[in-house]
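Undergrad: Sequence isn't available, so here's the structure alone:
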DNA sequence: ATGACTTACCCGGTAAGA
């Protein structure tokens, strides 16, 4: 048989060009471990960014996550916050930094960056900011302003970058089933929405909105009042891509069904597929 | 509807989330 040079060409390309990248606010990794493991097994993301671990490093379920086939870098904290980046164990995963620059007194674990193959993955858990106005909202805005400064540098990188996680911002009226219900909430304050617009103006692509222009997409539903069954949701978990990565965007969506599982988080996982 | 849930902490209350 003659040798098919076309196939040889494909084989010689850089591997791992196809990548599924997800973000999931787990709301307590130990309390949600069965849900997390089931989701990892069923959907097999290459990279999974987690928020609200509510766990220090010593209490992180490392054996279970390794058993599921993932390596981990994490920034933990007792009781609250905490972020982690999981990558399938055949992928190169290297932490590059943790904590948002610009405030040395910030003790809260809300940000970690890691290189996964050629992609810089930046996992965040923005402060909620309630009650607003007040000191917690001031902290939220200070944190988001630091994110804007960091993002300015990241968006210009020649390598692909994704900044993803729980932004605790509903970007527009269209991103809530019932926007009027959120007008007094920090996640829908004009100052927070303005930050999101500032980020988009820097050149980031809101990947899920880009893929679903005229579709109501939610990523969070209250535990109260049977919100999920009424689809009383909001969109707060976002995956922002710089131009080198946005050109690779192929698909993306919310794993809504996970929100319906027993002992589940109030957020659902959100994912994208990127490939050359 | 300034939460009607649900968690972590450490042991039944509080603080926090959004």
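TA: Sure, I can see it. What you see is a predicted model; the values in this text were computed from it and never measured. Numbering: from 1, shown residues only, chains lettered A, B, ... in the order given.
Undergrad: Which single residue of the stretch 101-250 of chain A approaches DNA strand B most closely?
TA: residue A:128 (3.1 Å; C-beta to the nearest atom of the strand). Yep, even glycine has a C-beta here, placed from its N, CA and C like the rest.
Undergrad: count of neighbours near that residue?
TA: Residue A:128 has 17 neighbours, counted by other C-beta atoms under 10 Å.
Undergrad: Not counting sequence-adjacent ones, nearest residue to it?
TA: Nearest residue to residue A:128, sequence neighbours excluded (C-beta to C-beta, 6 or more residues apart in numbering): residue A:168, at 5.1 Å.
Undergrad: who touches the one you found in this structure?
TA: Listed by C-beta atoms under 8 Å, 6 or more residues apart in numbering, the contact set of residue A:168 reads A:125, A:126, A:127, A:128, A:129, A:140, A:186, A:187, A:192, A:236.
Undergrad: The residues you listed in helices, which ones?
TA: Secondary structure from DSSP state H places A:140, A:192 of the contacts of residue A:168 in helices.
Undergrad: Pairing partners for residue A:267 in the sheet, please.
TA: The partner list for residue A:267 in beta bridges (DSSP bridges) reads residue A:220.
Undergrad: okay but it is in contact with residue A:220, surely?
TA: Yes: at 5.0 Å, residue A:267 counts as touching residue A:220 under the criterion of C-beta atoms under 8 Å.
Undergrad: Between those two, which contacts overlap?
TA: With contacts defined as C-beta under 8 Å, 6+ apart, the residues shared by residue A:267 and residue A:220 are A:25, A:236, A:237.
Undergrad: Give the closest residue to residue A:237 in space, chain neighbours not counted.
TA: residue A:219 (4.0 Å).
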